[in-house]
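[1] Fold the following.
(2 chains)
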Amino acid sequence: MSATQTSPTHSYYGRAILKEPVWTWEIPAYFFTGGLAGASATLGLMADVTGNKPLARSAWTAALAGVSVSPVFLISDLGRPERFLNMLRVFKITSPMSVGSWILSAAGGAFTASFARVRLQRLTRIGAAGGALGGAVLGPALSTYTAVLVADTAIPAWHEARRQLPFVFAGSSMAAAGAAACILTPVANAGPARRVAVAGATLEGVASQVMERHLGTLGRPYHEEAAGRFSLAAKSLTVAGAAVITRFGRRRLGAATGGLLLLGGSMCERFAVYHAGIQSARDPQATVGPQRARTATATPANAPLTAG
Amino acid sequence: MSIESLRVQSWPGSYEPAAKPRVGFFTDTSVCIGCKACEVACKEWNRVPEDGLKFTGDSYDNTGGLGADTWRHVAFIEQQLPLGLDEGAPLVTQAARAELDTVPVHKDAGLRWLMSADVCKHCTEAACLDVCPTGSLFRTEYGTVVVQEDICNGCGYCIPACPFGVLDQRKDDGRAWKCTLCYDRLKDDQEPACAKACPTDSIQFGELDELRHQADERLRVLKHGGVAEARLYGRDDQDGVGGFGAFFLLLDEPEVYGLPPDPRVCTRDLGETWKAAAAAAAVLVGTVLATFAGHRP
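    Model prediction:
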């Protein structure tokens, strides 16, 4: 029976099996602003608790700025922006986007209240509660849930990186938050911000290396086309920014320069991940390869459902 | 978090006692003649807009694939194969073989033409439905998966979630569209337009249990007749999406038709992804805490 042996092709005219995400640049931009806001809230809470008022003021300012611009990005990306409130008509635990829209909404309220307390001396009791909840829970959630959002898709470069992406995003968020605080805070008070920035940059770099190694051939997009360019830019800017902060961070100019480099690196990291997903979706072999490997090792596609 | 708790179990549970038997399609590609009546009937009945009149050069397929404005797509695959006259070709009948013996033929230059009408699979575990943040995607009383267009806000999450690349965004209106399995016709006890229009019964509509039995029987007949490469695709409810509501009989590997060979719904891994995110969030909090250590004023 020669029929299948001589099949000339194992894709359908080289066409993609998956559809590319239709998300536009606003989505990776939101991943950046949301991450910045979330980690800034945690930094702001700790600064407030330890009595570092200048750092608390600048961190909560960054948190409010990030959380305010985020919904603008999200809504303008929607195919039907006038219906954005439909997002809040349900809470769906199965949808990271639904969970995330509630996290973002709650963070918006909490961060605003905390900002009002720290900067305007208003809403002192609600502000303290908002600061605690925002810094300890909502901020970290806002910084990492977006990794769950992209990983919960059929796109190989995202889905197969599901255990590493949250750490990439957490590191990127910390780097951005530390960087923003370095820029906005007098250097005498910015010690923790510098350490958060460098620690975040380190986590971002290590986690993205682990992710690419884990992805193997599925990680090829990180070295090609747009994703490759953003990935290289992210690594370069982040390394440079961390070095400048470490070496010159105690000077005004050094803190500002290093901070801007790190912010750029953090943003490029999100755009690298975004483009890697688009490029991965385009490649039929990225879809077929792991599935064929799975059937070849005779592992059933569905691990036992009852195990859950 | 248990995996079970992350899945929408909306049929038949939430419809009792209004739940109807689960229906679907069995697309038997061995009798598809590539007439595209299904594509046309679908477009007409569902008022799906025109989406480009183009020439691809890919055999007779000028549609390309499923998308927001193509809910049935007929794939055409041309394969050069040896006729296999000497070994008993599966695709040539005894009568034709007798006739061929009287005329000169190039026995190594056979052509096989595969045709298959692709459609939304209406998965038992539907990623599109699970990730939809508005509840626009829902499971009907017939066990099918439908987008409510008055709810969809065009977030686009269902599009990369689908392991088959079925859904897409309609550019001029921003929302996601796909096959409804003619939900409106089902409510009037009518079969979907594509199945109604199919002249060879390549597209069969019915209750899923019955379709599965029919498919098993059809596969048995084909195998018995020597078509060893025939296989059912999506019939097994133990597969990575819990079985398709619309499944297929194929004559080659799924990827030849542009179908994923072993699709797995992404939401099965959502629990472990959230765990990784929780760990990453804990690292974030711990790291920020550590940076303040020893610097308490």
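
[2] and B:Phe25, that one's in a helix?
    No. Remark: B:Phe25 does not belong to a helix; assigned using DSSP: H, G, I helix; E, B strand; the rest coil, it is strand.

[3] wait, it sits on B:Leu211?
    Yes. With contacts counted by Cβ atoms under 8 Å, B:Phe25 reaches B:Leu211, the gap being 7.4 Å. For the C-beta atoms, the positions are set from N, CA and C on the backbone; glycine is no exception.

[4] how close does B:Gly24 sit to chain A?
    To chain A, B:Gly24 is 19 Å away according to Cβ to the nearest Cβ, to the nearest Å.

[5] So what does the closest residue to that residue other than its chain neighbours have for phi and psi?
    Spatial nearest neighbour of B:Gly24, excluding adjacent residues (Cβ to Cβ, 6 or more residues apart in numbering or on different chains): B:Gly245 at 3.8 Å. Backbone torsions for B:Gly245, taken as degrees, to the nearest 10, come to phi -80, psi -30.

[6] quick one, phi/psi of A:Val99?
    phi -60, psi -40.

[7] List the contacts of it.
    With contact set as Cβ atoms under 8 Å, 6 or more residues apart in numbering or on different chains, A:Val99 has these partners: A:91-93, A:145.

[8] Which residue does the stretch 151-297 of chain B have closest to chain A?
    Residue of the stretch 151-297 of chain B nearest chain A, by Cβ to the nearest Cβ: B:Gly154 (1.9 Å).

[9] that's a strand at that residue, yeah?
    No. B:Gly154 sits outside any strand when classified using three-state DSSP, being coil.

[10] Was I right to think it contacts A:Gly79?
    Yes. Taking contacts as Cβ under 8 Å, B:Gly154 lies within contact range of A:Gly79: 1.9 Å.

[11] Chain B contacts on the stretch 101-250 of chain A?
    Taking Cβ under 8 Å from any Cβ of the partner chain, the part of the stretch 101-250 of chain A that reaches chain B is made up of A:101, A:136, A:140-141, A:143-145, A:147-149, A:151-155, A:158-159, A:162-167, A:169-170, A:173-174, A:191-192, A:195-196, A:199-200, A:203.

[12] Recalculate using a threshold of 6 Å.
    The stretch 101-250 of chain A comes close to chain B at residues A:140, A:144, A:148, A:151-155, A:159, A:162-163, A:166-167, A:170, A:174, A:192, A:195-196, A:199, as judged by Cβ under 6 Å from any Cβ of the partner chain.

[13] Just the buried ones among those residues, please.
    When these are checked for burial by 16 or more other Cβ atoms under 10 Å in any protein chain shown, the buried set is A:140, A:144, A:148, A:151-155, A:159, A:162-163, A:166-167, A:170, A:174, A:192, A:195-196, A:199.

[14] what about residue 219, how many neighbours?
    Chain wasn't specified; assuming chain A. Residues lying near A:Gly219 (other Cβ atoms under 10 Å in any protein chain shown) number 22.

[15] Correction: the question concerned chain B.
    18.

[16] And B:Tyr257, by the same measure?
    When neighbours are defined as other Cβ under 10 Å, B:Tyr257 has 21 of them.

[17] I figured it was touching B:Ser116, is that so?
    Yes. The criterion here is Cβ atoms under 6 Å, and B:Tyr257 meets it with B:Ser116 at 5.2 Å.

[18] ok, now which ones touch the residue of the stretch 51-200 of chain A at minimum distance from chain B?
    Proximity of the stretch 51-200 of chain A to chain B (Cβ to the nearest Cβ) peaks at A:Gly79, 1.9 Å away. By Cβ atoms under 6 Å, 6 or more residues apart in numbering or on different chains, the contact set of A:Gly79 is B:154, B:169, B:174-175.

[19] how does it look with 7 Å?
    B:154, B:156, B:169, B:174-175 (Cβ atoms under 7 Å, 6 or more residues apart in numbering or on different chains).

[20] Repeat that for B:Ala37.
    Listed by Cβ under 7 Å, 6+ apart, the contact partners of B:Ala37 are B:197-199.

[21] Please pick the buried ones from the residues you listed.
    B:197-198.

[22] Now secondary structure, distance to A:Ala129 and pLDDT too, for the contacts of B:Ala37, in TSV please.
    Converted to TSV, the contacts of B:Ala37 look like this (DSSP: H, G, I helix; E, B strand; the rest coil; distance: Cβ to Cβ, whole Å; pLDDT from 0 to 100):
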residue	secondary structure	distance to A:Ala129	pLDDT
B:Ala197	helix	62	98
B:Cys198	coil	63	98
B:Pro199	coil	68	98
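
[23] So which of the contacts of B:Ala37 is the closest to B:Gly13?
    Among these, B:Cys198 lies closest to B:Gly13 (Cβ to Cβ), at 32.5 Å.

[24] and the closest one, backbone torsions?
    For B:Cys198, the backbone dihedrals (degrees, to the nearest 10) come out as phi -60, psi 120.

[25] Check B:Glu78 too.
    phi -100, psi 120.

[26] overlap in contacts of B:Gly154 and A:Gly79?
    Residues touching both B:Gly154 and A:Gly79 (Cβ under 7 Å, 6+ apart) are B:169, B:174-175.

[27] Would you mind giving those as TSV with distance to A:Arg119 and secondary structure added?
    Formatted as TSV, the shared contacts of B:Gly154 and A:Gly79 follow (distance: Cβ to Cβ, whole Å; DSSP: H, G, I helix; E, B strand; the rest coil):
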residue	distance to A:Arg119	secondary structure
B:Gln169	41	strand
B:Gly174	38	coil
B:Arg175	41	coil
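
[28] Can you check my assumption that B:Phe55 lies in a helix?
    No. B:Phe55 is assigned coil when assessed by three-state DSSP, not a helix.

[29] For it, the count of nearby residues, please.
    For B:Phe55, the neighbour count with other Cβ under 10 Å is 6.

[30] same thing with the one 3 residues further on?
    A total of 17 residues lie near B:Asp58 under the criterion other Cβ under 10 Å.

[31] And the one 3 residues further on, by the same measure?
    B:Asp61: 21 surrounding residues under other Cβ under 10 Å.

[32] residue ranges for the helices of the stretch 151-297 of chain B, please.
    B:158-161, B:183-187, B:193-197, B:208-224, B:270-291 (DSSP state H, counting those that start in this stretch).
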